[in-house]
Structure formats: structure tokens, C-alpha cells
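> please find the sequence and the predicted model below.
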Amino acid sequence: MLKIYKPTTPGRRNASVVQSKELSKSKPPKNLRVYLKSRAGRNNKGSITVRHKGGGAKKLYRLIDFRRDKFDVPAKVESIEYDPYRSAWIALVCYKDGERRYILAPKGLKVGSELISSNKKIEAEVGNRMPLKYIPTGYFVYNIELSPGSGGKLVRSAGSRAVLMTCEEGYAQIKFPSGEIRKIPEDCLATVGQVSNPDWRLIRWGKAGRKRLKGIRPSVRGKAMNPVDHPHGGGEGHSPIGLVHPKTPWGKPALGVKTRKNKKMSDKFIIKRRH
């Protein structure tokens with residue numbers, strides 16, 4: 001549910017936030033949380049490799065079970081929680097043997113629901129996980145593996161979903177949110193349903209301070225810099241970039257330029273490009 005604030009201040013004007021009454025406010029179990037040191041976009045040598053990162057509120061990383069390899073053991077949903085490291089909600093599930101794990105929560109999941117993961121054919125209910133070859137065609141899937149047993153790698157952000165088109169010749173054809181249609185081995189696991197928190201894309205942050213709390217620092221336009229700092233820099237007043245095509249700060253073509261290798265090994269699995 002999207003809550004829109006009253007315009008009591010310029011920062012509140014048109015600002016919004018996603019609210020959910022189902023979210024638990026309890027602290028995550030100690031064995032399912034770790035502290036990750038913030039590197040602020042720097043590599044092991046201290047050089048900035050990703051710009052505009054730094055600061056942010058303190059947070060603990062929740063250990064998410066992307067594999068869900070505890071097969072044929074029913075799990076009960078104990079709580080649905082907010083995760084500061086991702087846009088989707090997460091669910092704390094308790095298996096019959098007492099083990100607790102965090103999983104990506106699908107849309108519509110309720111506290112008290114029962115989920116199961118299996119490498120055999122089971123009921124294709126929301127939240128259940130099984131190989132692609134056992135999921136009916138036309139169903140929404142998420143948290144998809146690229147190779148059997150590797151853990152979910154694809155379709156994991158809030159509100160995202162892929163469509164299982166068909167299974168033939170040992171491969172499943174899946175249409176991704178980008179529009180790309182790709183072949184994936186039919187023995188790869190996927191979860192039935194759509195990722196939770198689909199309203200996340202509608203959030204209006206309202207002010208820069210909310211972005212700073214997320215660890216995102218300001219970005220400066222290249223045309224506002226000096227020529228020594230950026231190819232777009234220089235000129236008197238509000239001037240254009242002075243180039244036919246835009247460039248990165250390091251002089252390489254930017255905005256819309258294809259960076260994928262022409263002869264990448266996995267090209268043979270792509271049936272239709274996202275473009």
C-alpha cells in the first residue's frame with residue numbers, strides 16, 4: 001500500500017512510502033544476520049570503482065536462502081519482514097524440524113501459510129519451489145537458477161516476475177521482465193509467483209536526505225564541471241556538451257551504447273533480445 005504524505009514541507013510534497021500492516025517489527029534471529037562492512041564503492045586498494053556511494057544508515061544483512069534446497073520438508077511462514085538490503089519483502093519460515101530460514105516473499109503470502117520446496121513435481125502454488133519442467137506453462141516464476149543447484153540468480157527485485165513459455169528439448173523458454181526470451185535448463189529450480197512489494201517502483205523519495213540514508217551520494221552533471229574533469233565540461237553559462245554523442249568521465253561513449261561482447265558464450269541461449 002502506497003502512503004502519500006501531506007505537503008507540510010517542500011521535502012514532504014509529493015513524497016510517498018510503501019506501507020504494509022503485515023510486516024513484522026521483530027529483530028531478525030542472530031544466526032540469520034551479519035554485519036557487512038561498508039566499502040563506499042571502493043575496491044581492495046581503496047580506489048573508487050563505483051561513484052556516488054557512501055554513508056547511509058547502519059543496517060544488518062539478512063542471510064537469504066536463495067537455493068531453498070531443503071526438499072520435501074514443509075515450512076510455515078512465521079513473519080514477513082522488511083529487508084534494508086533489497087526492495088522486496090522477506091519471509092521468515094520455520095521448517096518442521098525447527099530450522100528457520102529467510103526466503104524472498106512472493107506477492108500475496110500470508111503469515112501462517114505453508115510452503116514446500118522439492119526436486120519432484122508438487123502443487124504449483126504461490127511460494128512453492130520446484131524444477132521448471134514441472135511448472136505449468138504460462139505461470140509466473142521468480143528467483144530462477146541459471147544452472148541446477150547454483151541458487152536463484154534471476155528475477156529477484158520487488159514486483160518482478162517472469163513467464164514460463166514452454167519446455168522442450170531439455171530447456172525451458174522464459175520471458176523476462178525486460179522482454180528477453182531465454183532458454184534455461186529445465187532442471188533449474190524456480191519459485192512460483194511474483195516477488196512481493198510491487199508498489200516499490202511507485203515510491204517518490206521527495207528529498208535528497210532519504211537517498212543519503214540509503215547510501216546514495218549526489219551526482220553532478222558533466223556539463224556543470226570544468227573541461228579537466230569531464231568531456232562535457234567547460235563553456236560559458238548553461239551550455240550544451242559540445243559533442244555529437246555523450247561520453248563518460250573517462251571519454252568512452254555513453255547512454256545507449258551496447259557493452260555486451262559480440263561472441264559471448266551464452267548468446268546461443270537467447271531467443272529474443274530485450275531490445
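Looks like it came in fine. Quick caveat: nothing in here was measured; it's all calculated off a predicted structure.
> give me the most central residue, the chain.
Compute the mean C-alpha point of the chain, and by C-alpha atoms, centre = their mean the closest residue is residue 157, 2.8 Å away.
> pLDDT at it, what is it?
Looking at residue 157, its pLDDT stands at 95.
> how is the closest residue to it other than its chain neighbours assigned, secondary-structure-wise?
Counting by C-beta to C-beta, 6 or more residues apart in numbering, residue 157 lies nearest to residue 87, which is 5.3 Å off, once chain neighbours are set aside. Quick note: C-beta positions are derived from backbone N, CA and C, even for glycine. State at residue 87, reduced to three classes by DSSP: H, G, I helix; E, B strand; the rest coil: coil.
> neighbours of residue 87, how many?
17 (other C-beta atoms under 10 Å).
> got a list of what it touches?
157-158, 197, 200 (C-beta atoms under 8 Å, 6 or more residues apart in numbering).
> make it 10 Å
By C-beta atoms under 10 Å, 6 or more residues apart in numbering, the residues touching residue 87 are 18, 156-160, 195-197, 200-201, 203.
> quick one: which of the residues you listed is most hemmed in?
Busiest of those [other C-beta under 10 Å] is residue 195, holding 26 neighbours.
> now that residue, what are its backbone angles?
phi -60, psi 140 (degrees, to the nearest 10).
> again with residue 213
Main-chain torsions, residue 213, degrees, to the nearest 10: phi -60, psi -20.
> how many other residues sit next to it?
14.
> from memory it sits against residue 56, does it?
Yes: counting by C-beta atoms under 10 Å, residue 213 does reach residue 56; the two are 6.2 Å apart.
> common neighbours of these two, please.
With C-beta under 10 Å, 6+ apart as the test, residue 213 and residue 56 both reach residue 84.
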